[in-house]
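Engineer: I would like the atomic coordinates for the input below:
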Amino acid sequence: MLAIAREGVPVLLQPGAAGNCRLNASGRDRAIPKVLSGQLPSHDLVTAITAEALALAYRIKGQVAPMAGSSVTDSSIVGLSSIGSSSIGSALIEDGLRRLAPEQLRAALTGFLPKGATAAEQTRAIEAGLRSPAGEALRDAMARWIVDEIVPVKRLVPQAYENWRPPVRDAMMFVVARLSPARLAPKLLEQLELPSNTSAEVRLLRLIAKVPGLQKLGQVIARNQHLRPPLRSALARLENGIRDVRPEDVVAIIRQELGPRLKKYAVHIAPTILSEASVSAVVRFTWRNPRSGKRERGVFKVLKPHIPEYFAEDMDYLQGLAQYFADRHHNYRFPRNLLPDTFKKVRRLLRHEVNFVREQKTLLEAWSLYQSMPGIRVPRLIQPLCTSRITALTEERGIKVTNAAARLPESRRKKVAEQLIEALVAVPLLAAQEDAIFHGDPHAGNLLYNNRTGELTIIDWALRERLSRDQRRHLALLFLMVTLRDPVGTCNEVLALSQQHIGSASARGKMVAEFIARFLGELPVAPSGVDAMVLLERLAMKGVKFPGPLIMLSKVMFTLDGILGDVGGSSSGMGFGLTIARHVAQHWMKNRKEFRSPLKTRDWITLQCSALLYTSRLWLQGEQAILDRLLPAGSTSPLASG
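Structural biologist: Numbers count the residues shown, from 1 in each chain. From the prediction side, this is the model:
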């Protein structure tokens, strides 16, 4: 039952026996008060209001006409355009939708959609409702249905992370409220049609299909090892398990972009998709290399057809999310920049991933960096077959490194872990170049491992950053000083890396030194490989500023630490520091003339002196721990460290 206006007089529409609406000639003073006073059953009221919201859209200029079989037909609706601008009509619809329980909204919307209509017709009906004057209220109701019933936040976020539930819920509501009707309507219809026993994890993946901003956010979240296993497993599929584009559409883009070059290089394109990411799809091909005269294998990385259309919208809502949480950070009891920085990172990832020309230049540089490193590979660019929407690369063998490691014995897994540290940290950190690049998004899907050859291949160089030679020198020393538990050496490197030129004798310099001493004193006997990055993050929260590339590298290190945990070769036991030291020693002994580490002679002397005191520092730390356990707090002074 719903209230409409005929020639300015409110009347009631009541469902007929066949489901069609019929007019009930009620007066103004009887119809509207009866509805607004809540005398009608809430389910009937909101079902009718939902139907009205969608029916209103049929009268909006440029929208679709009513469909045969709908419970709201053209002959049953008179003057609906007038109620769209009526304050009574809008208030009635919004009030009803606010009172609607999630399961009632689903029943209402399902009942309105015409029986026997095609999916396209039903999608257009929902889209029309979202564009109607009541569209905002309808969006809000559908968002509540999503976050409270079909993808309940309480199920997605474990109890241990209960304080994350409000921001996750608010973020989901924010995005649903801002997706265009053309993108949101088919998702709502799909959710209505999924079986009632569909898991929340599967529903979530369907919701974020063709929404690269949310897919990229899911990839970032999936690296948290503390998520519920079903959710982490589902989100992990976003690294290489996305399926939201057809092979024929990808092939069509290749043919359009390359044109006569396909014939010139005798290119044969595979008819199936090898893998998909949030913004691109990968297909195999073979071509005739004019240099070798032989047919060679390669892969095309192709920008998906829907990305140009949706990219601007995704960038807008990610920017909006960053601003939304920055303005309300006090509501969530998190550090001010924690949530905004997460969305800014995702936005940066997305912006770089669609810039194929930039990535092509990076691939050339990365290939040059790793070409002399045994066991580490980077795909080689096939430049004649590249465009702004297509990147052509040599095909590399291997599978996702975490999957490959699961098939190996423990000794081999430890070697894979060391190989990852060397490839992603040691090589760029100790490179001879003045400004060396490092991979900015090393999730497991971007790291392929060949168990037969023992080779690690690093793919997807869309996100990368640079560190100067001097920055890399101090960063390498920081890793080693933290490994050696040297508070003085660690403090010197932290101050050298900061952007504020803090003097060691200044009040701020003394605060940093005291903080570092406490931090090192609290480390376990077997430190983690990311201890140096944790230290920098905690100091940043104390107001010490570091260069942007260094902050990104810290995120890379945390991502790598998670992968090392999955591989099974934990980064504990000084893995990072020892791997870096071993890399330096091996390459210096092999080629002393050409190996140009950023570390200087005096750095090695300092490290040797610090290493002599390493055992005594551990002994003093152990003695201090025993005293802390045996004696009451405050009854003894901390032992001085060496």
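Engineer: just the helices in the stretch 451-600 of the chain please.
Structural biologist: For the stretch 451-600 of the chain, the helices defined by DSSP state H, counting those that start in this stretch cover 469-483, 487-497, 507-521, 531-541, 548-567, 575-590.
Engineer: Now do the same for Arg288: helix, strand or coil?
Structural biologist: strand (DSSP: H, G, I helix; E, B strand; the rest coil).
Engineer: ok, the nearest residue to it once chain neighbours are set aside - contacts?
Structural biologist: Closest residue to Arg288 apart from its sequence neighbours, by C-beta to C-beta, 6 or more residues apart in numbering: Ala266 at 4.2 Å. Every residue, glycine included, has its C-beta placed from N, CA and C. Residues in contact with Ala266 (C-beta atoms under 8 Å, 6 or more residues apart in numbering) are Trp287, Arg288, Arg295.
Engineer: change it to 10 Å
Structural biologist: Thr286, Trp287, Arg288, Asn289, Pro290, Arg295 (C-beta atoms under 10 Å, 6 or more residues apart in numbering).
Engineer: Can I get the helices of the stretch 451-600 of the chain in a markdown table including distance to Ile208, mean neighbour count and mean pLDDT?
Structural biologist: Output for the helices of the stretch 451-600 of the chain, formatted as a markdown table (distance: least, C-beta to C-beta, whole Å; neighbours: other C-beta atoms under 10 Å; pLDDT from 0 to 100):
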| stretch | distance to Ile208 | mean neighbour count | mean pLDDT |
| --- | --- | --- | --- |
| helix 469-483 | 35 | 23 | 89 |
| helix 487-497 | 37 | 21 | 93 |
| helix 507-521 | 38 | 17 | 91 |
| helix 531-541 | 28 | 19 | 86 |
| helix 548-567 | 20 | 20 | 82 |
| helix 575-590 | 34 | 18 | 57 |
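Engineer: Can I get these in JSON lines including distance to Leu262?
Structural biologist: Putting these into JSON lines (distance: least, C-beta to C-beta, whole Å) gives the following:
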{"stretch": "helix 469-483", "distance to Leu262": "43"}
{"stretch": "helix 487-497", "distance to Leu262": "50"}
{"stretch": "helix 507-521", "distance to Leu262": "58"}
{"stretch": "helix 531-541", "distance to Leu262": "46"}
{"stretch": "helix 548-567", "distance to Leu262": "37"}
{"stretch": "helix 575-590", "distance to Leu262": "43"}
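Engineer: For Ala281, find the nearest of these.
Structural biologist: Proximity to Ala281 (C-beta to C-beta) singles out helix 548-567 among the helices of the stretch 451-600 of the chain, at 23.6 Å.
Engineer: C-alpha coordinates for that closest one, PDB please?
Structural biologist: C-alpha atoms of helix 548-567 as PDB (Å, rounded to 0.1, in the frame of the first residue of the first chain):
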ATOM      1  CA  GLY A 548      58.400   9.400   1.800                       C
ATOM      2  CA  PRO A 549      60.300   6.600   0.000                       C
ATOM      3  CA  LEU A 550      61.500   5.400   3.400                       C
ATOM      4  CA  ILE A 551      57.900   5.100   4.700                       C
ATOM      5  CA  MET A 552      57.000   3.100   1.600                       C
ATOM      6  CA  LEU A 553      59.900   0.800   2.100                       C
ATOM      7  CA  SER A 554      58.700   0.200   5.700                       C
ATOM      8  CA  LYS A 555      55.400  -1.000   4.300                       C
ATOM      9  CA  VAL A 556      57.200  -3.200   1.800                       C
ATOM     10  CA  MET A 557      59.200  -4.800   4.700                       C
ATOM     11  CA  PHE A 558      56.000  -5.500   6.600                       C
ATOM     12  CA  THR A 559      54.500  -7.100   3.600                       C
ATOM     13  CA  LEU A 560      57.600  -9.200   3.000                       C
ATOM     14  CA  ASP A 561      57.600 -10.200   6.700                       C
ATOM     15  CA  GLY A 562      54.100 -11.600   6.200                       C
ATOM     16  CA  ILE A 563      55.200 -13.600   3.100                       C
ATOM     17  CA  LEU A 564      58.200 -15.000   5.000                       C
ATOM     18  CA  GLY A 565      55.800 -16.200   7.700                       C
ATOM     19  CA  ASP A 566      53.600 -17.900   5.000                       C
ATOM     20  CA  VAL A 567      56.700 -19.400   3.300                       C
END
